[in-house]
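Student: Kindly return the folded structure for what I paste below:
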Amino acid sequence: MEEGHVLEEVGTVVAVGAVAVGVAVVGVPAQAHGGGGGVRTVGYYTQWSHQDRGVPVRYIVDNGSAARLTHLNYAFGLLDEQGSCVSSDPAADYQRLIPARESVSGKADRPGQALAGNLNQLKQLKQKFPKLRVYISLGGWIGSAYFSNAALTSQSRAAHVRSCIDLWLKGNLPGAPAGAAKGVFDGIDLDWEWPATDGNVGNVVRPEDKQNFTALLREYRVQLDRQGAKDRKTYDLTAFLPANREAMDRGYEFAEVYRLLTFATVQGYDYHGAWERTANQQSALRVPDGDPTTPKDSGEIVVDAHLQRGAPRDKITLGVPYYGRGWTGLPNQNNGLFQQSTGPAPGTYEAGYDDYRTLKGLLTSGKYTLHRDTKAGHAWLFNGTTFWTYDDPTELTRKGRYIRDRSLGGAMIWSLDGDTPQGELIRALSTGLHRR
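Tutor: Here you go, the predicted structure:
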């Protein structure tokens, strides 16, 4: 538990004084890279982390995250309307010159070099951590508009996969020397949100997406194996799969999907958010007592749903959030939990959303009190009117233990830029995943 004074404990809900400060938990040493017993630690690093949030790739080296990761997903590559892979921001991906103070190698990029930007930093990261596997992640919530077009026919599937292999694995970037990015990526991660189910406004959605998604994975597997034989290496194939049971059943042939994937990352967050009026948990392990919503959502429910649909236990990589969801305009009752809001809480980048490193500052300001449900496994901040649900080091250690105790494949992090410079979250998660 965080440093500070326990003010009250009623049942399983604990409130910790507003002066409490989260303390980093000592995690596994760097030589444990790759995971004890094959447990994965997969972290998403976003294309916009550096320029928009001031978090270069160097940050995850300095705070200890990179040494504790087994896999890193670079998010996101996009698809054009025809389903071909494209870079949405060439400057961020491979053109921007990185100064020495922000570089993994400590050396500044120079004009005219073949590869710069985030991809060159990932290349340097792999040189520093040779066991780390790095994937290009395609799609995301706002980038899934044209997956259905790519998956529609055997011809469109083949063309899509060829374009992605050419761009990201062969490294043939527009405007750069041929093969400039070859060797950066060890596989492809598909974040189609969601086949046959409405996602972001404007997404193309077809009923046959369910069968076409499986066919797309088969095409990927064939072409990745062929390219791997040429390159004398194994290319991996992963996908981000949903928490929503209706989306599971409408969009996926589960047993076959899991068979084709190296592993899957599973949505372990966004169970609730400010798109709803009721302040609630967004990532609890179990359903809290008194939860008024239907259907219920929790990490345990989602994991069980995947297992019931044929997922192999060791391929389930449960997602954990490095951010919180917030509401405001709440009455000062039940510490804000399950109360009706007037709307999303103000956020740094998006209303109703903020990173852990920012939310920790709310706690240390003395204006918020930390509350915890140790039975359900979730924490939240409340100041009498504004409520933030989030995962702190205590909850991430708890989730790591849960993953380990259920013999799941590991943990996935969205996203690495949310942790503190001290790496409090990655250390806590690693403690839960690896300490016996």
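Student: Could you use CA atoms for every contact and neighbour count after this?
Tutor: Noted.
Student: Can you give me the distance of the spatially closest residue to Thr214 that is not a sequence neighbour to Ala279?
Tutor: Spatially, and ignoring its direct neighbours in sequence, Thr214 is nearest to Val257 (6.0 Å; Cα to Cα, 6 or more residues apart in numbering). When distance is defined by Cα to Cα, to the nearest Å, Val257 is 34 Å away from Ala279.
Student: of these two, who's got more company?
Tutor: Neighbour comparison, Val257 and Ala279: the larger count goes to Ala279, with 26 against 22 (by other Cα atoms under 10 Å).
Student: and the longest strand for this protein?
Tutor: Secondary structure assigned by DSSP state E gives strand 71-79 as the longest strand of the chain.
Student: what's the average pLDDT for whatever helix or strand comes next after it?
Tutor: Remark: after strand 71-79, the chain's next helix or strand is strand 85-86, criterion DSSP states H and E. For strand 85-86, the mean per-residue pLDDT is 98.
Student: pLDDT weak spots in the stretch 1-150 of the chain?
Tutor: Per-residue confidence for the stretch 1-150 of the chain (pLDDT under 70) gives these ranges: 1-37.
Student: just so I have it, where are all the helices in it?
Tutor: Ranges of helices within the stretch 1-150 of the chain are 49-53, 57-62, 65-68, 90, 117-128, 147-151, based on DSSP state H, counting those that start in this stretch.
Student: The longest strand of the chain pairs with which strands?
Tutor: Partners of strand 71-79 in the sheet, by DSSP bridges, are strand 40-46 (parallel), strand 85-86 (antiparallel), strand 133-139 (parallel).
Student: returning to what we had before: pull up the per-residue confidence for the residue nearest to Thr214.
Tutor: The per-residue pLDDT of Val257 was computed as 98.
Student: For it, pull up the helix or strand it's in.
Tutor: Going by DSSP H and E, Val257 is in helix 254-260.
Student: Tell me the helices and strands packed up against that helix.
Tutor: Other helices and strands packing on helix 254-260, by 3 or more Cα pairs under 8 Å, 6 or more residues apart in numbering; DSSP states H and E, are helix 209-231.
Student: switch the cut-off to 10 Å
Tutor: helix 209-231, strand 236-241, strand 263-266, helix 299-308 (3 or more Cα pairs under 10 Å, 6 or more residues apart in numbering; DSSP states H and E).
Student: out of these, deepest packed?
Tutor: Of all the helices and strands packed on helix 254-260, strand 263-266 carries the top mean neighbour count, a mean of 25, counting by mean count of other Cα atoms under 10 Å.
Student: could you give the mean pLDDT of that one?
Tutor: Average pLDDT, strand 263-266: 98.
Student: Switch the helices and strands packed on helix 254-260 over to TSV; also include distance to Thr420.
Tutor: Putting the helices and strands packed on helix 254-260 into TSV (distance: least, Cα to Cα, whole Å) gives the following:
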stretch	distance to Thr420
helix 209-231	36
strand 236-241	25
strand 263-266	23
helix 299-308	24
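Student: who wins for proximity to Asp189 among those?
Tutor: Closest approach to Asp189 among the helices and strands packed on helix 254-260 (Cα to Cα): strand 236-241, 4.6 Å.
Student: Show residues contacting the following helix or strand past that closest one.
Tutor: Downstream of strand 236-241, the next assigned helix or strand under DSSP H and E is helix 245-251. With contacts defined as Cα atoms under 10 Å, 6 or more residues apart in numbering, helix 245-251 is touched by 193-199, 206-214, 241-242, 254, 295, 297, 301-302, 305-306, 309.
Student: and if we set it to 6 Å?
Tutor: Helix 245-251 has contacts (Cα atoms under 6 Å, 6 or more residues apart in numbering) with Pro195, Ala196, Lys210.
Student: how close does the closest residue to the first one other than its chain neighbours sit to Trp168?
Tutor: With Cα to Cα, 6+ apart as the measure, Gly251 is the residue that lies nearest to Pro195, at 4.7 Å, once sequence neighbours are left out. Separation of Gly251 from Trp168 (Cα to Cα): 26 Å.
Student: in the stretch 251-400 of the chain, which spans are helices?
Tutor: Ranges of helices in the stretch 251-400 of the chain, per DSSP H, counting those that start in this stretch, are 254-260, 299-308, 356-364, 393-405.
Student: okay, the last one in PDB with CA atoms only?
Tutor: Written as PDB, here are the backbone C-alpha positions of helix 393-405 (Å, rounded to 0.1, in the frame of the first residue of the first chain):
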ATOM      1  CA  PRO A 393       1.400   0.500  -8.000                       C
ATOM      2  CA  THR A 394      -0.600  -1.500  -5.500                       C
ATOM      3  CA  GLU A 395      -3.200  -2.500  -8.100                       C
ATOM      4  CA  LEU A 396      -0.600  -3.300 -10.700                       C
ATOM      5  CA  THR A 397       1.200  -5.600  -8.300                       C
ATOM      6  CA  ARG A 398      -2.200  -7.200  -7.600                       C
ATOM      7  CA  LYS A 399      -2.900  -7.700 -11.300                       C
ATOM      8  CA  GLY A 400       0.600  -9.200 -11.900                       C
ATOM      9  CA  ARG A 401      -0.100 -11.700  -9.200                       C
ATOM     10  CA  TYR A 402      -3.500 -12.500 -10.700                       C
ATOM     11  CA  ILE A 403      -1.900 -13.100 -14.100                       C
ATOM     12  CA  ARG A 404       0.800 -15.300 -12.600                       C
ATOM     13  CA  ASP A 405      -1.600 -17.300 -10.300                       C
END
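Student: for that helix, which positions count as buried?
Tutor: Using 16 or more other Cα atoms under 10 Å as the test for burial, helix 393-405 gives Pro393, Thr394, Glu395, Leu396, Thr397, Arg398, Lys399, Gly400, Arg401, Tyr402, Ile403, Arg404.
Student: And the third one, by the same measure?
Tutor: Along helix 356-364, the positions that meet the burial threshold by neighbour count (16+ other Cα under 10 Å) are Tyr356, Arg357, Thr358, Leu359, Lys360, Leu362, Leu363, Thr364.
Student: What mean pLDDT does that helix get?
Tutor: Average pLDDT, helix 356-364: 97.
Student: report the angle between the axes of that helix and helix 393-405?
Tutor: 130 degrees (axes from the mean of the first three to the mean of the last three Cα atoms, to 10 degrees).
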